[in-house]
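> Got a predicted model here, sequence first, then my questions.
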Amino acid sequence: MTPAADITPLPAGPIRARHKTAPAISVVVPIKGHPVLIDDAIASVQREIEAGTIQRLIAVNDGCEYAETIDSLTAWQEVLGTRMKVLHCANAGLSAARNRGIAAALEADADLDAIFLLDADNILVAGAGAAMQSLMSRHEQADWFYPDFDFFGQNGHYVTDREYDLLFHAQINLCEAGSLIRRRIFDAGIRFDEGMKRGYEDWDFWLSAAQAGFRGKPAAQPLLLYRKRPVSMLSNSHNADGELRRYLETKHAWLFNTPKLLALEAARFPRFAVIEGQAAMARLLTDPTQRREVSIDELERQIMAHFAEPFANHAPQYIVLLREGVSARLTESRLLRSFFWNAERRWARANERPQFDLFYLESSAGGHHIANDCGNPERLADGVVIDLQAIRDLITGDDEDSLRRIDHAPSEFSIASWGLELEGMSPLELKTASGPELLRSFLLRLSRSRFRSALAQRWEWREQGGAIDRATSVSIPRRVNAGGIVFPLLKQPGQRDIGFVLPIFDFGGVEKVVASMAREFQQNGYRCHLFVVSDRPIHPDGWALQAFTSVNWMPDSSAIDWTGTEFLGTAEPSWGNDVEKADMIGLLSGMDVVVNAHSGALHKVADLLRRRGVTMIDHEHLLERSIYGRNYGPPKLALAYEYAYDLILTCSDALRRWMHAHGVPREKLMAVVNAPGYPLPHGARGLIERRGERAADKPLRVLFMGRLDPQKGVHRLSQIFHSLALQAPDIRLTIAGGSVVDREDVDFSFPRGTQMLGPVRGAEALTKLLLDTDIMVLPSHYEGLPLSILEAQRCGVVVIATDVGAMDEAIQHGTTGFILPEDGCEEAFARQIMLLDADRRLLAQVSRDADRMARDWSLAVAPLLVWLNRREGGPAAEEEGVEELDMYRSIL
């Protein structure tokens, strides 16, 4: 029967009084199941004890069932005497055995400096104790030392990472448990996790030490000989790798998160090298706003050193070569981060790997556009993106004659291509060196490099083993994002990032709301980012993008095809395979808050992002109605994914009540009631106040502003305008909005003389139009809470609308406007307009009342800011903000 206590009790404290001239080291050996092999391990320790370099051996019998183990330990105790302490314990696992040994070592020797952990089937190399003492004396800042390995049993030798880095320790366990550990780690309370009995407990131990601020250092030599067998506890751990990694990632969430890993990558292993124009310097970067410069000579050296010894030398994974001025134009349009994210994604997701990827940048007359495939045009590209492997293939597999033709257009090489068109962009100077010309020059430089001979050398006789190819640094942050490409955004201390996700940004009502909310968030200290999940154009519209630090595309056309599974009569997009989902997680996981504004694709990863600690908010605007009178649209899909969101916003109180009635918990709903969709231009307030000075005998000005489609009641509008033209020919009729009247199959028309302005964009133009209007009509079949009404009222325009959506939240009938029943509304609209034409005093009074009721976005967003500050641990909410939230709750 195994004893429960020590065979030989030993006094605590040092063995002998001595002047401490060298570090004091003890060895801890846990034992279970190796009754014969333990003799070799202890003998190797005895040799170092006799040499005076190891102070004591602590042997922990972890409930070994073999009597031979006790016999062996008893015999060794007689040999080593007080220089060996033996513990006999009930089996509790390897972690518990190590912890007991550590505690005994610390208790036995008050002057102990370090502990070496040795497994019972391994042995110390000759001179290991002296090597350990030397390491500790020469590297006082290092907290633990991990050795290289020479195997016996099965042949093998490998080196470990030559420079400890926490980023790579998040990828694999760089450090064997058989390492030398300074006492200060144990004094800080770091111990092995006794709940981990299937392996990786040593990995967990090192990460716990790293969390406390400790760092390891390679010994760069073997300190033990490792017995290698086909099957071991470690190989069994590898079989459970996925489960054990998930445990580590949960326990060490401080490390396994996108911002932390991205910061570690950016600090030492920049992802991109950018060569722009004929400059003699290259920019190394992960986040394009934080970069350092190196000479082209140094970049050449880094790349060739990496090719020669990839496990010791890093070079940026992607080389980006740009025509002069490209990055400045992308920066001005806030699209620089999007460029780098899409450039990396294209390489990682290419069905057929190209030799390089061409990029084209053009000016656009209207909106920003993205093209996923530009073909192989005759024009030389403005940029080229290529990765390290493609560079190596080209400089080692192609002769110089081939490389000299790399700038031909169309290209003779296997290429991919994409491009951007930017509204208002000043044209690039095409006389400057193109991307392919810069690539040709750089590849020829590498192919002739004085370092090229190093590629034929082998610089380590040991295999890489525990060392990691430095090029894999780019993939480590992807791991916590299901393999998704990670958005290149480094966090700033005290700075919170909020991402707004939309399927399109064509500057309709939803887009105006998002832009207005972003403006308020920016003014309250957030960094705002716009993400458009489709390949549709982005329309800047002057002020709309000003609040966004970055503007980004995930240009997947399937994200808005709406051919997927239906829920309550509303179809999802077909988008959403595993790779697409992973990339969206990578795109958004660096945000503190994500607001979904009608992106059906985002619903599919919302819960996964929420589980990663991102605060998820859904914002619903419009419940649509089919020709059969049935409700459908984004709010229906939101009901399906309600569980994935922390909060659901609605543009009106009516929509909030509808969503609550359909199953969303009251506490999860907040109405952020719409306000005007753009800021008033400077000086407009005075013009609004003087609009009543207009002579009463002037012809009435009637406006429709919106899309000419069935939802907006375009057939009703046609009848209303024809009726007005017959009754009062002097009335001026105007339509501002996207027109479908040129289509051959339309079955409606407008009176001759109707002004068709087309879409009116920009705050100046919209304000001027509204100041030149008396009445705005909106005979819609369904609505949310239209911004056009609020914008018109702010300018003193009298609005007449059908009784749909949340019209009554913006219009008090007869006071700030008029709401008419849908049945027979065409005659009612014309009749109401004629009454106001006849009673200009009433028209003026309603105009003044409407102007006084104008809403404000700062007031609308205040409850949300208070909610976020409380949830996110931001600055204490202002007293007025708290009162606003309390007022909001009282309304509910």
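Great, that's in hand. Numbers count the residues shown, from 1 in each chain.

> Which parts of the chain belong to which domain?
Per automatic domain parsing, the domain ranges recorded for the chain read 25-251, 260-474, 496-671, 697-852.

> how far out from the middle of the chain is the second one?
Which is domain 260-474. Distance, stretch centre to chain centre, for domain 260-474: 22 Å (Cα atoms, centre = their mean, to the nearest Å).

> For the strand ranked longest in the chain, buried residues please.
The longest strand of the chain (DSSP state E) is strand 216-227. Across strand 216-227, burial judged by 16 or more other Cβ atoms under 10 Å covers 216-219, 222-227. Placement of C-beta: from N, CA and C, glycine included.

> Might you calculate how far it sits from the centre of the chain?
Distance of strand 216-227 from the chain centroid (Cα atoms, centre = their mean) equals 38 Å.

> go on, stretch 761-779?
39 Å.

> got the CA coordinates for it in PDB?
Output of stretch 761-779 as PDB, limited to C-alpha atoms (Å, rounded to 0.1, in the frame of the first residue of the first chain):
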ATOM      1  CA  ARG A 761     -28.200  65.200 -53.200                       C
ATOM      2  CA  GLY A 762     -26.300  67.200 -50.700                       C
ATOM      3  CA  ALA A 763     -27.400  69.400 -47.800                       C
ATOM      4  CA  GLU A 764     -27.200  72.600 -49.700                       C
ATOM      5  CA  ALA A 765     -29.300  71.400 -52.600                       C
ATOM      6  CA  LEU A 766     -31.900  69.700 -50.400                       C
ATOM      7  CA  THR A 767     -32.300  72.800 -48.100                       C
ATOM      8  CA  LYS A 768     -32.600  75.100 -51.100                       C
ATOM      9  CA  LEU A 769     -35.300  72.800 -52.600                       C
ATOM     10  CA  LEU A 770     -37.300  72.700 -49.300                       C
ATOM     11  CA  LEU A 771     -37.100  76.400 -48.700                       C
ATOM     12  CA  ASP A 772     -38.600  76.800 -52.200                       C
ATOM     13  CA  THR A 773     -41.600  74.600 -51.300                       C
ATOM     14  CA  ASP A 774     -44.900  75.200 -49.500                       C
ATOM     15  CA  ILE A 775     -46.400  71.700 -49.300                       C
ATOM     16  CA  MET A 776     -44.900  68.300 -49.600                       C
ATOM     17  CA  VAL A 777     -47.100  65.300 -50.400                       C
ATOM     18  CA  LEU A 778     -46.300  61.700 -49.400                       C
ATOM     19  CA  PRO A 779     -49.200  59.300 -50.500                       C
END
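
> What average pLDDT does that stretch get?
If you average the pLDDT over stretch 761-779, you get 92.

> going forward can the numbers begin at 58, since that is how I track them
Got it, first residue is 58 now, which makes that one stretch 818-836.

> Closest to His596 out of the buried residues of strand 273-284?
His596 has its nearest neighbour among the buried residues of strand 273-284 in Gly273, at 52.5 Å by Cβ to Cβ.

> could you pull out the helices for the stretch 508-657 of the chain?
Assigned by DSSP state H, counting those that start in this stretch, the helices in the stretch 508-657 of the chain fall at 533-536, 566-580, 635-645, 657-668.

> Quick one, which of the ones you listed gets closest to Leu790.
helix 566-580 (23.2 Å).

> Just give me how far the closest one sits from the chain centre.
Computed by Cα atoms, centre = their mean, the chain-centroid distance of helix 566-580 equals 21 Å.

> Can you name the residues in contact with that helix?
Helix 566-580 is contacted by residues 555, 557, 559, 561-562, 564, 585, 587, 596, 600-605, 652, 654-655, 676, 678-679, 708, 729, 731-736, 841, 843-845, 914-915, 918, 922 when judged by Cβ atoms under 8 Å, 6 or more residues apart in numbering.

> same question, stretch 625-640
Here stretch 625-640 has contacts from 402, 406, 535, 538-542, 611, 613, 615-623, 657-658, 660-662, 665, 687-691, 693-694, 696-697, using Cβ under 8 Å, 6+ apart.

> Which of the residues you listed fall within strands?
Taking DSSP E as the definition of strands, those contribute 623, 688-689.

> Identify, from those residues, the entry nearest to Val531.
Using Cβ to Cβ, the ones in strands among the contacts of stretch 625-640 come closest to Val531 at Glu623, 39.3 Å.

> now that closest one, which residues is it bridged with?
Glu623 has these beta-bridge partners by DSSP bridges: Ala628.

> quick one, what contacts the closest residue to Leu899 other than its chain neighbours?
Spatially, and ignoring its direct neighbours in sequence, Leu899 is nearest to Leu893 (6.3 Å; Cβ to Cβ, 6 or more residues apart in numbering). When contacts are counted by Cβ under 8 Å, 6+ apart, Leu893 touches 757, 831-832, 855, 899-900, 903.

> Out of the residues you listed, give me the one that has the most neighbours.
In terms of neighbour count, Val855 stands highest of the contacts of Leu893 at 27 neighbours, by other Cβ atoms under 10 Å.

> Please verify my assumption that that one contacts Ser904.
Yes - counting by Cβ atoms under 8 Å, Val855 touches Ser904, with 5.5 Å between them.

> Quickly list what's touching both of these two.
By Cβ under 8 Å, 6+ apart, Val855 and Ser904 have these common neighbours: Asp831.

> tally of neighbours for Phe778?
Using other Cβ under 10 Å, Phe778 has 26 other residues around it.

> Doesn't it belong to a helix?
Yes - judged by DSSP: H, G, I helix; E, B strand; the rest coil, Phe778 forms part of a helix.

> quick one, what contacts it?
For Phe778, the contact set (Cβ under 8 Å, 6+ apart) comprises 759, 761, 790, 807-808, 811.

> one step back: could you flag which of the contacts of helix 566-580 are buried?
Neighbour counting with 16+ other Cβ under 10 Å marks 555, 557, 559, 561-562, 564, 585, 587, 596, 600-602, 604-605, 652, 654-655, 676, 678-679, 708, 729, 731-735, 841, 843-845, 914, 918, 922 as buried within those.

> coming back round to it: tell me which of the domains of the chain sits most buried.
Comparing those by mean neighbour count (mean count of other Cβ atoms under 10 Å), domain 553-728 comes out on top with a mean of 20.

> hmm, back to that, adding distance to Glu258, write the ones in strands among the contacts of stretch 625-640 out as TSV.
Rendered in TSV, the data for the ones in strands among the contacts of stretch 625-640 read as follows (distance: Cβ to Cβ, whole Å):
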residue	distance to Glu258
Glu623	49
Asn688	56
Tyr689	54
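
> Name the nearest of those residues relative to Arg748.
Nearest to Arg748 among those, counting by Cβ to Cβ, is Asn688 at 38.5 Å.

> how close does the closest one sit to Arg764?
Asn688 sits 20 Å away from Arg764, going by Cβ to Cβ, to the nearest Å.
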